[in-house]
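> Quick check, what structure comes out for this input:
(chains A and B)
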Protein chains: 2
Amino acid sequence: MGELRKDPVVDRWVIIDPQRVERGALFQMEEPAGRVEKPCPFCQGSEGETPSEIFVLGEPGRKPNDKGWWVRVIPDKNPILRIEGGLERRAEGMFDLMNAVGAHEIVIETPDHYGDWSSLEDVQMRRILETYRARSLDLRNDRRFRQVMVVKNHGRAVSLFEHPHSHIVAFPVVPKGIEEEIQGVISYYRRKERCVFCDILKEELRMGRRSIFESRGFLAFAPFASRFPFETWILPKRHSPDFGEIKGEEIADLARTLKATMGMAFQTLANLSCSLIMHTGPLHEYSRPEYHWHMEIVPRLSKVAGFEWGTGFFVNPIPPEEAAARLKGERTSV
Amino acid sequence: MGELRKDPVVDRWVIIDPQRVERGALFQMEEPAGRVEKPCPFCQGSEGETPSEIFVLGEPGRKPNDKGWWVRVIPDKNPILRIEGGLERRAEGMFDLMNAVGAHEIVIETPDHYGDWSSLEDVQMRRILETYRARSLDLRNDRRFRQVMVVKNHGRAVSLFEHPHSHIVAFPVVPKGIEEEIQGVISYYRRKERCVFCDILKEELRMGRRSIFESRGFLAFAPFASRFPFETWILPKRHSPDFGEIKGEEIADLARTLKATMGMAFQTLANLSCSLIMHTGPLHEYSRPEYHWHMEIVPRLSKVAGFEWGTGFFVNPIPPEEAAARLKGERTSV
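Numbers count the residues shown, from 1 in each chain, chains lettered A, B, ... in the order given. Presented below is the predicted three-dimensional model:
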């Protein structure tokens, strides 16, 4: 019989039901056609085709917008939020609105068009994370912004560009997904005087059945109430509300954890498309010490039905215990 | 410049940005292949291929599970929640779970394999709504259930079966999507001593720019902070938390409103796939008088990116004012 499981952070119930008929189709990825492949504007030597860079890690003595970079950050040409202008908060009848002001940057993660997070060198993975940290710290100087998020889309089903890249977005409001987590974290803290993410971490380390990879500073695991097949969370062991406060040795640990976790995902799920979202606390007076930053990896295996959108109720045919076992290459009897 | 708009019910900010490049692709629907077409187990004469009916509207004197029905309700063969067994609420370490017990029924809406909500006769559309009401009222007699939802998926992108049908699901918990609305409604009521949906209704009637179709008892309109292109809400003018309390003359009005609204959608958007979700209040001690039942229609035009899933932050390239104008066949200068 299927189970109803409750996410302890946001109190969302999920159906976990390994008897669903849709299971069969889950392991066959689509191969959608038509996107920007090589040569591409993100490749070394095409620097002139992109907007001017905002930030770069590269060889000493390199000239701006020239070759010799390791990681390069540029403004998105088609940003979801625009950097210019004021917010102009206002009402329209009973409704509230403001201008879509914010920042939207692209991190070109490597000059290697075919690099991916499982095959990049350790040093390169660290540079990507250092870039995320540097941009997170810089963007908070703009006091219009309340939240910075990093989103990486990998694979044909979710990304138009093949060349490895990620998005950094600064919002003038706190996105609903983070606000919900904050409310859940505060409510749990009031009841228990403990962080719910710290408790989850201890529980997953103790149980082990859902853990996927452990490094000194991080645990990757399949969450108890996974909404999606092979959903994976990466939690830092040290409680901190803010990814921007990550330390040098933690960056090295996280780089190793991400490489290993993505490697297992690519091994288990052919043609995987997935989204990787950094969940970090809001900025300035909106920050909450109870929050615990983390990363969520959402594989795009199944189509999300109208039912899930409409109800906020997810049906997941792969129990997280099975997902963890499969990712670790263990035989499963399920 | 794009706008950030806040949904007044659940306080969710949405980016409305008609300059997005994705706009172009929105009006070209995909035509996915491979689903159950004619002859199908939902057609007249195939009654033996389905589980035994639970409820039926049909010709007087008709025998059970025989021809002569107008609307027929059967259990889903692959239910997301199963009717048998107890909930057995329990803990697993720090986590909460229970058995996936509930009800999952299929409403076969018409014997006509090719019928759709814009072309059905008025009387048939009323029978469908009467069936929803009858099942809603019957399912609440099972005290394990806290919520009944009706979901209709139309079109190839969201439904495996071509024959017109909808789902009725009874949950032992309140789905997150409804719980969020309840919290929003309560918080608004505390501040204003008014229902937020009643206020929205008045505002949309006054402004008119986002209204799509008005009948005596209902208004169809594109909501101010639409998450999706051509998202449409249908609100009853009479405040009531519970669809089950709908009156006979309101059923007639709603039937007319749905037919007209779906007709405009099919006219405007070729090969439309969409989901139609009944948002009604929870049952028994979980019901709240502040709630206002309604229907939400979510066209499935654009792929939802990982960004939206991860952040709860939606980017919509079709402003609802433009959506309403297009649906009504007005020329737009946008």
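
> Next secondary structure element downstream of whichever strand or helix holds A:Val151?
Assigned by DSSP states H and E, A:Val151 belongs to strand A:147-154. Next along the chain after strand A:147-154, taking DSSP H and E as the criterion, comes strand A:165-171.

> so where is chain A shaky, pLDDT-wise?
Within chain A, the stretches with pLDDT under 70 are A:1, A:19-38, A:301-307, A:309, A:331-334.

> show me where it has helices.
Listed in chain order, the helices of chain A (DSSP state H) span A:122-139, A:176-192, A:196-207, A:248-268, A:306-311, A:320-327.

> out of these, which comes closest to A:Pro241?
Among these, helix A:176-192 comes nearest to A:Pro241, with 9.0 Å by Cβ to Cβ. For every residue, glycine as well, the C-beta is placed using N, CA and C.

> Which of the residues in the closest one are classified as buried?
By neighbour count on 16 or more other Cβ atoms under 10 Å in any protein chain shown, the buried set for helix A:176-192 is A:176-182, A:184-185, A:188-189.

> Output those residues as CSV; include the columns distance to A:Asp253.
What follows is those, written out as CSV (distance: Cβ to Cβ, whole Å):
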residue, distance to A:Asp253
A:Lys176, 30
A:Gly177, 25
A:Ile178, 24
A:Glu179, 29
A:Glu180, 28
A:Glu181, 23
A:Ile182, 25
A:Gly184, 26
A:Val185, 23
A:Tyr188, 26
A:Tyr189, 26
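
> re the thing from before, give the pairing partners of the strand holding A:Val151; include direction for each.
Here strand A:147-154 has these sheet partners by DSSP bridges: strand A:165-171 (antiparallel), strand A:274-279 (antiparallel).

> about what we covered before: identify the farthest-apart pair in the buried residues of helix A:176-192.
The largest separation in the buried residues of helix A:176-192, counting by Cβ to Cβ, is between A:Lys176 and A:Tyr189 at 20.3 Å.

> Return the alpha-carbon coordinates of stretch A:164-174 using CSV.
Provided in CSV are the C-alpha atoms of stretch A:164-174 (Å, rounded to 0.1, in the frame of the first residue of the first chain):
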residue,chain,number,x,y,z
PRO,A,164,27.5,24.3,-18.7
HIS,A,165,26.1,27.4,-17.0
SER,A,166,23.9,28.5,-14.1
HIS,A,167,21.7,31.4,-13.1
ILE,A,168,22.1,33.8,-10.2
VAL,A,169,18.9,35.8,-9.5
ALA,A,170,18.5,38.6,-7.0
PHE,A,171,14.9,39.2,-6.0
PRO,A,172,13.3,42.3,-4.4
VAL,A,173,10.9,40.0,-2.6
VAL,A,174,11.3,36.7,-0.9
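
> circling back: out of the buried residues of helix A:176-192, who's nearest A:Lys63?
The closest of the buried residues of helix A:176-192 to A:Lys63 turns out to be A:Ile178 (Cβ to Cβ; 38.6 Å).

> How many neighbouring residues does A:Arg5 have?
As a burial measure, A:Arg5 scores 24 neighbours (other Cβ atoms under 10 Å in any protein chain shown).

> who does A:Leu4 bridge with?
Counting by DSSP bridges, A:Leu4 is bridged to A:Ile15, B:Met98.

> I'd guessed it sits against B:Phe95; true?
No: using Cβ atoms under 8 Å as the test, A:Leu4 is too far from B:Phe95 to be in contact (11.4 Å).

> Looking only at neighbour counts, state which of those two leads.
Taking neighbours as other Cβ under 10 Å, A:Leu4 and B:Phe95 compare with A:Leu4 leading, 24 against 17.

> mind listing what that one touches?
A:13-16, B:97-100, B:172-173 (Cβ atoms under 8 Å, 6 or more residues apart in numbering or on different chains).
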